[in-house]
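# predicted structure and sequence below. I'll ask about it afterward.
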Amino acid sequence: MSSWYLVMCIVSSHLPRFAIYWSIYWYLGAMFVCLSTIKIITNYISKNVIVCLISILLLSCIPMISFERSCYMIPFLWTGYLLRSNIRRIGWVAVIALLLVYVVLYYFWDICYSVYMSPFHIWNADWHSTFALVFRFLVGVVGGVCIISASRLLIDRRYFGWMRYLAKFGPYTLVFYTMSFVFNAILARILWHVNIYITSPGF
């Protein structure tokens, strides 16, 4: 968390309040809670499916801590883990099909479905929050699998060999998260310099 805060200070050229920073980049706290929960449970249970179900139920039932949003993240973590051994079976036909599904889902996307607007917790679940939960999960999984599969298929081609070096950082999610933050900061400054102000989350 401290190193992440330092990166933000360097890129933004000022010292933001730590509390505000923590609430915006809730990813770090949620990641810590999710991985710690999984680690503790696996000390007593070895079956992945059982650990998956227990961890999801456990983080969904405990009182919601706003800046962690752990019950939002943990299904994505387990989906990525379970897909890891099957991702190589996905070819171009499946990638194109996933891309079409993603385009349709994204067309119907509404900012109200965002985890920031419709945080889900079992204690305050209603029809809208449940629908938003399922919808954003589908968008995230379909889009993510599509991008990862397309990248894997392109990586062996002549003009995309450079992606192999980038892919080595794949296990280090925080590295990509840091890279995305730096990229967004640079891109925003370029756009602001030419008087283009982007505020849409979709962008």
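Done, it's in. Residues are numbered from 1 along each chain as shown.
# and the pLDDT for R69?
On pLDDT, R69 comes in at 75.
# for Y172, same thing?
69.
# ok, now the one 3 residues further on?
For V175, the model assigns a pLDDT of 69.
# same deal with N48?
At N48, pLDDT is 90.
# okay, now it: neighbour count?
If you count neighbours by other C-beta atoms under 10 Å, N48 ends up with 13. For the C-beta atoms, the positions are set from N, CA and C on the backbone; glycine is no exception.
# same question, G143
G143: 17 neighbours (other C-beta under 10 Å).
# which ones are touching it?
By C-beta atoms under 8 Å, 6 or more residues apart in numbering, the contact list for G143 reads 102, 106.
# 7 Å - rerun?
Y102 (C-beta atoms under 7 Å, 6 or more residues apart in numbering).
# point me to the helix or strand that includes it.
helix 127-154 (DSSP states H and E).
# what comes up buried for that helix?
Going by neighbour count (16 or more other C-beta atoms under 10 Å), the buried part of helix 127-154 is 132-133, 135-136, 139-146, 148-150.
# off-centre distance for it?
10 Å (C-alpha atoms, centre = their mean, to the nearest Å).
# for this structure, name the helix or strand with the lowest mean pLDDT.
helix 18-24 (a mean of 59; mean pLDDT, DSSP states H and E).
# where does this protein dip in pLDDT?
By pLDDT under 70, the weakly predicted segments of the chain are 1-2, 4-5, 8, 11-25, 63-68, 170-177, 197-203.
# 80 - rerun?
For the chain, the stretches flagged by pLDDT under 80 are 1-29, 62-69, 85, 116, 118-124, 156, 166-189, 191-203.
# show me where it has its helices.
Counting by DSSP state H, the chain has helices at residues 2-12, 18-24, 27-42, 48-61, 70-83, 92-107, 127-154, 163-167, 173-193.
# which one is G161 nearest to, not counting chain neighbours?
Ranked by C-beta to C-beta, 6 or more residues apart in numbering and with sequence neighbours excluded, the top spatial neighbour of G161 is I155, at 7.3 Å.
# looking at the helices of the chain, which is buried most?
helix 70-83 (a mean of 19; mean count of other C-beta atoms under 10 Å).
# other SSEs contacting that one?
helix 27-42, helix 48-61, helix 127-154 (3 or more C-beta pairs under 7 Å, 6 or more residues apart in numbering; DSSP states H and E).
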